[in-house]
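[1] got a predicted structure plus its sequence, pasted below:
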Protein chains: 2
Amino acid sequence: MLIVQKYGGTSVGDLKRIEEVAKRVIKTKKECAKLVVVVSAMSGVTNELIDYAHHFSKQPNAKDMDMLLSSGERIASALLSIALNEQGYKALSFSGRKAGILTDSVFTKARIEKIDTRALQEALNNDYIVVVAGFQGVNEKGEVTTLGRGGSDLSAVALAGALRADLCEIYTDVDGVYTTDPRIEPKARKLDRISYEEMLELASLGAKVLQNRSVELAKKLDVKLITRSSFNNNEGTIITKEEGMEQALVSGIAMDKNQARVTLRQIEDKPGIAAEIFSALAARNINVDMIIQNVGVDGATNLGFTVPENDLDLAKETMQNILGAKSLIETDKEVVKVSVVGVGMKSHSGVASAAFQCLANEGINIQMISTSEIKISMIVQEKYGELALRALHKVYKLDEK
Amino acid sequence: MLIVQKYGGTSVGDLKRIEEVAKRVIKTKKECAKLVVVVSAMSGVTNELIDYAHHFSKQPNAKDMDMLLSSGERIASALLSIALNEQGYKALSFSGRKAGILTDSVFTKARIEKIDTRALQEALNNDYIVVVAGFQGVNEKGEVTTLGRGGSDLSAVALAGALRADLCEIYTDVDGVYTTDPRIEPKARKLDRISYEEMLELASLGAKVLQNRSVELAKKLDVKLITRSSFNNNEGTIITKEEGMEQALVSGIAMDKNQARVTLRQIEDKPGIAAEIFSALAARNINVDMIIQNVGVDGATNLGFTVPENDLDLAKETMQNILGAKSLIETDKEVVKVSVVGVGMKSHSGVASAAFQCLANEGINIQMISTSEIKISMIVQEKYGELALRALHKVYKLDEK
């Protein structure tokens, strides 16, 4: 049995918390032969280092930033290993490099290319608890890189895949994945299991338990994930393959407030116009989410799409450059995306219509709709977002076990 | 022209200080083609990390400690490099590993074995200011090691040697090397030049400007050192070869309070007893400094030696194990070593007797004496230490230029 555990920043937030983590690690070690622990920086440390860097420069050079930021995880991993050794367990801290994590050279947001597990395997075979500094690796020149937001989760999943771990446990400060945000709907229920695909939709839709990159990687490497809290002993949520799972019709309702809507009216209805618009947005690294095009009238058409709120100004400017003064560009930041996610949708009809009927009953106008095999997303006015979420949660009986 | 500069912890003590260092580095870069800057951790950081480790363990394991402690210098080097880049200069931070510093595997007090300068040379040839995290290297397995106290000075000197630098500037918070401790003797005078040999004696005797290992390495590698302050523009003290220097009779008076005396009375006077005693101490890594053996009487002898204060308990225990209950073991922490250092002693007689006479005039009893070619050391009661130092400083006219 080989388990990879990952502890986030709040889980190792101070020395007392690191002691608690050490206890949990030891408890796991007693039950499983081989144990790899990936740690984030103690909470606050990374932000402090970023503040230091920004004292000197608005845009610090990326190589130095990675040298800087990788230190936080190195410190946390060394401290946890020291705590474990003190309790009489053999443990050793590993930097990303020492753990064999090789990445590309995109500093501050590198991608893991492969993992040379020899040093880790040797330590595991010698009964060491391996404590790996998350969030980091090295490129082929041996220069330190970091993996961007959620990087320690990525480290854990990639290591679990490379080591063919039986399980990858992601410890955070929440109990697992919920049917919806419990702060908005107190009746939200923790899910025991969820498929990678549903988790991907929920994560990208604003459920902040796991970053998409980590779930995607887990799916690709067939790593069984559990997300749970390091602050209690509650069972977490298992994230795994869809097959064999009891297929809930709907698993959860997500809301994403970081949405802004752009509507282009009266644009010329000619081949290639959509390509031109979305290529220009892509060239400026703006992630377009939903896209709606209506049938045009009189050689003109309307096109609507959504972008992250903080990209809205850039998106508008980009549109003005392309379309010129003649076109009407409307923007709206006061919108949210509410989404219904569930693998059961694939085989059941009526899920979408139930959602539309539900919002209609509440008097909420749906501005845009997009659907995938396992998801229905709707853009509504921001002020109705929480109401919509609660209504949908009830319609699909998510508060009932 | 290639210069290596090293900035100590107080020189990079906070963000404001790092900005000041950046200015100084830029000023130097304008005057010299190639510049390597070695930095310590920001003052307080290393102690904070040690405190963290000691929260978990009285004796943290050495490998994890090195992973932990090396982070402080990495952070400082990255920040300085970011500051330099912001000012429009090409700079890049290097960890010990990236700088090619290869050490043995004695974690927490590793020795530099060689330096692979290729990465540094490439960066220097491309006009980068190279900012190296001091105090650290890697062993042949690629594991991070640290170099022990004064390690950043060692990094700087070793790099200066390997790169055949024209000069190695050591920046601290003092102006240079003084004839004695100015806090005790306000008339102490800064020396313009001093030989490696004298500096070695002064450093080991408690003048804290430079650690012995660094001076020894500079001597071995023929690296011209300057020690000066990063808080002002005063000329520092040049530390270089003896030849060609004006040979002062006495260059300085040093005092070392970290001394404890052990006296073994009535030990069996047989061949090999001294070897047995000092091998046992060496085996426990206790540095014995002065050793005095008196002629024995009736097959028994007295043996005295000094050790660092914090090793005294261990030394006593070691002696008890070897000698058994029969022998009398006396210890005294209330002693200091006062030393007179100068290359001129080699060719002048009467230096030692002047010292003894001087202390006699002050009514100070000398408990132990040891001499070398360029040094006379005397153990006296701690309460007389400062008085002895001031008296000797005056006798050798060190307050006069």
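    Yep, it's here.

[2] show me the contacts for the spatially closest residue to residue A:96 that is not a sequence neighbour.
    Among residues not flanking residue A:96 along the chain, residue A:136 sits closest, at 3.6 Å (CB to CB, 6 or more residues apart in numbering or on different chains). Glycine gets a C-beta too; all of them are placed from N, C-alpha and C. By CB atoms under 8 Å, 6 or more residues apart in numbering or on different chains, the residues touching residue A:136 are A:66, A:69-70, A:73, A:95-97, A:101, A:144-147, A:151, A:155.

[3] tell me the bridge partners for residue A:136.
    residue A:146 (DSSP bridges).

[4] still on that earlier bit, export the contacts of residue A:136 to CSV and tack on secondary structure?
    Converted to CSV, the contacts of residue A:136 look like this (DSSP: H, G, I helix; E, B strand; the rest coil):
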residue, secondary structure
A:66, helix
A:69, helix
A:70, helix
A:73, helix
A:95, coil
A:96, coil
A:97, coil
A:101, strand
A:144, strand
A:145, strand
A:146, strand
A:147, coil
A:151, helix
A:155, helix
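
[5] which one among those gets closest to residue B:379?
    Set against residue B:379, the nearest of those by CB to CB is residue A:95 (46.1 Å).

[6] does residue A:14 touch residue A:45 like I think?
    No: counting by CB atoms under 8 Å, residue A:45 is not a contact partner of residue A:14; they are 10.6 Å apart.

[7] compare these two (neighbour count), which wins?
    Between residue A:14 and residue A:45, residue A:45 has the larger neighbour count (other CB atoms under 10 Å in any protein chain shown), namely 19 against 14.

[8] grab the nearest non-local neighbour of the more buried one.
    In space, not counting the residues next to it along the chain, residue A:45 is nearest to residue A:72; the distance is 4.1 Å by CB to CB, 6+ apart.

[9] tell me if that neighbour really is in a strand.
    No: per three-state DSSP, residue A:72 lies outside any strand segment and is helix.

[10] and it, what pLDDT?
    pLDDT for residue A:72: 97.

[11] wait, residue A:209 touches residue A:175, no?
    No: using CB under 8 Å, residue A:209 makes no contact with residue A:175, being 9.5 Å away.

[12] these two: who's more crowded?
    A count of neighbours by other CB under 10 Å puts residue A:209 above the other of residue A:209 and residue A:175, at 23 against 18.

[13] spit out the contact partners of the more buried one.
    A:172, A:174, A:176-177, A:202-203, A:227, A:237 are the contacts of residue A:209 under CB under 8 Å, 6+ apart.

[14] I'd like to know how far the residue nearest to residue A:96 sits from chain B.
    Separation of residue A:136 from chain B (CB to the nearest CB, to the nearest Å) stands at 12 Å.

[15] report the separation between that residue and residue A:70.
    As defined by CB to CB, to the nearest Å, residue A:136 lies at a distance of 4 Å from residue A:70.

[16] so what sits against both of those two?
    A:95-96, A:144, A:146.

[17] kindly indicate which of those lies nearest residue A:126.
    residue A:95 (18.6 Å).

[18] verify the stated contact: the closest one with residue B:144.
    Yes: proximity of residue A:95 to residue B:144 meets the contact threshold set by CB under 8 Å, at 7.1 Å.

[19] who touches both of these two?
    Joint contacts of residue A:95 and residue B:144 (CB under 8 Å, 6+ apart) are residue B:67.

[20] ok now do the nearest residue to residue A:236 once chain neighbours are set aside, which residues does it touch?
    The shortest distance from residue A:236 to any non-neighbouring residue, by CB to CB, 6+ apart, is to residue A:228 (2.6 Å). Residues near residue A:228 by CB under 8 Å, 6+ apart: A:169-172, A:175-176, A:234-237.

[21] immediately after the helix or strand of chain A with the lowest mean pLDDT, which helix or strand?
    Here the helix or strand of chain A ranked lowest by mean pLDDT, DSSP states H and E is strand A:291-293, holding a mean of 81. Next helix or strand after strand A:291-293 toward the C-terminus (DSSP states H and E): strand A:300-307.

[22] now the helix or strand just after that following strand against strand A:300-307, angle please.
    Using DSSP H and E, the helix or strand that directly follows strand A:300-307 along the chain is helix A:312-323. Orientation check (axes from the mean of the first three to the mean of the last three CA atoms, to 10 degrees): helix A:312-323 against strand A:300-307 gives 150 degrees.

[23] using CSV, write out every CA atom in the helix or strand containing residue A:259.
    Secondary structure assignment for residue A:259, by DSSP H and E: strand A:252-268. This file holds the C-alpha atoms of strand A:252-268, laid out as CSV (Å, rounded to 0.1, in the frame of the first residue of the first chain):
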residue,chain,number,x,y,z
GLY,A,252,-24.1,19.6,-7.4
ILE,A,253,-24.9,23.1,-8.1
ALA,A,254,-22.1,25.6,-8.6
MET,A,255,-22.0,29.3,-8.9
ASP,A,256,-19.3,31.4,-10.5
LYS,A,257,-19.4,35.1,-9.7
ASN,A,258,-16.3,36.0,-11.7
GLN,A,259,-18.2,36.3,-14.9
ALA,A,260,-18.9,39.3,-17.2
ARG,A,261,-21.0,39.3,-20.2
VAL,A,262,-20.2,40.9,-23.6
THR,A,263,-22.9,41.4,-26.2
LEU,A,264,-22.0,42.5,-29.7
ARG,A,265,-25.0,43.8,-31.6
GLN,A,266,-25.3,44.5,-35.3
ILE,A,267,-22.0,43.0,-36.3
GLU,A,268,-21.5,42.0,-39.9
